[in-house]
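Visitor: I need the structure of the sequence given here:
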Amino acid sequence: QVQLQESGPGLVKPSQTLSLTCTVSGGSITTSYYAWGWIRQPPGKGLEWMGVIAYDGRTYYSPSLKSRTSISRDTSKNQFFLQLSSVTPEDTAVYYCAAQKYGTTNYWGQGTQVTVSS
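Guide: Predicted coordinates:
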């Protein structure tokens with residue numbers, strides 16, 4: 001069973017960079033056809049897909065967030081990472097890491113609350 005666990009600061013100041021780590025167990029992030037990504041849910045709003053890093057290292061981003069988002073990975077540690085730059089209070093959300101295959105989200109992390117505030 002694949003398990004994902006998010007980690008990172010719960011509070012980030014405006015204009016800074018939000019950095020999160022997703023640690024994967026029970027499966028490899030290089031497994032063919034899987035994509036490993038980030039999804040967020042602001043308070044009172046729906047889920048927002050942010051982007052993924054595929055099993056072969058290619059990355060895909062939401063057009064609305066592309067200029068501020070970077071997703072990378074460390075295959076030796078079976079981890080992948082999110083960096084979101086120039087954050088504002090509107091980036092306050094629960095951030096989830098997830099595993100997708102053929103467009104379907106198969107596995108989710110439990111989510112981590114990130115608040116952007118001075």
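
Visitor: can you map out the strands along this structure?
Guide: 3-7, 11-12, 18-25, 34-41, 48-54, 59-61, 69-74, 79-84, 93-101, 104-108, 112-116 (DSSP state E).

Visitor: Now tell me which of those strands the model trusts least on average.
Guide: Ranked by mean pLDDT, those end with strand 104-108 at the bottom, a mean of 93.

Visitor: can you give me the angle that strand makes with strand 93-101?
Guide: Calculated by axes from the mean of the first three to the mean of the last three CA atoms, to 10 degrees, strand 104-108 forms an angle of 120 degrees with strand 93-101.

Visitor: tell me what strand 104-108 is packed against?
Guide: Judged by 3 or more CB pairs under 8 Å, 6 or more residues apart in numbering; DSSP states H and E, strand 104-108 is in contact with strand 3-7, strand 93-101. No exception for glycine: its C-beta is placed from N, CA and C like everyone else's.

Visitor: Out of those, which one sits most buried?
Guide: Mean neighbour count, computed with mean count of other CB atoms under 10 Å, is highest for strand 93-101 among those, reaching a mean of 21.

Visitor: Neighbouring strands of that strand in the sheet, and parallel or not?
Guide: strand 34-41 (antiparallel), strand 104-108 (antiparallel), strand 112-116 (antiparallel) (DSSP bridges).

Visitor: If we go by neighbour counts, what in the first one is buried?
Guide: Going by neighbour count (16 or more other CB atoms under 10 Å), the buried part of strand 34-41 is 34-40.

Visitor: Can you pull out the residues in contact with that strand?
Guide: Residues from elsewhere that reach strand 34-41, judged by CB atoms under 8 Å, 6 or more residues apart in numbering: 20, 22, 24, 27, 29, 47-55, 60, 71, 73, 80, 82, 93-101, 105, 111.

Visitor: and the residues you listed, which are buried?
Guide: Buried, going by 16+ other CB under 10 Å: 20, 22, 24, 27, 29, 49-55, 71, 73, 80, 82, 93-100, 111, out of these.

Visitor: All good on my end, thank you.
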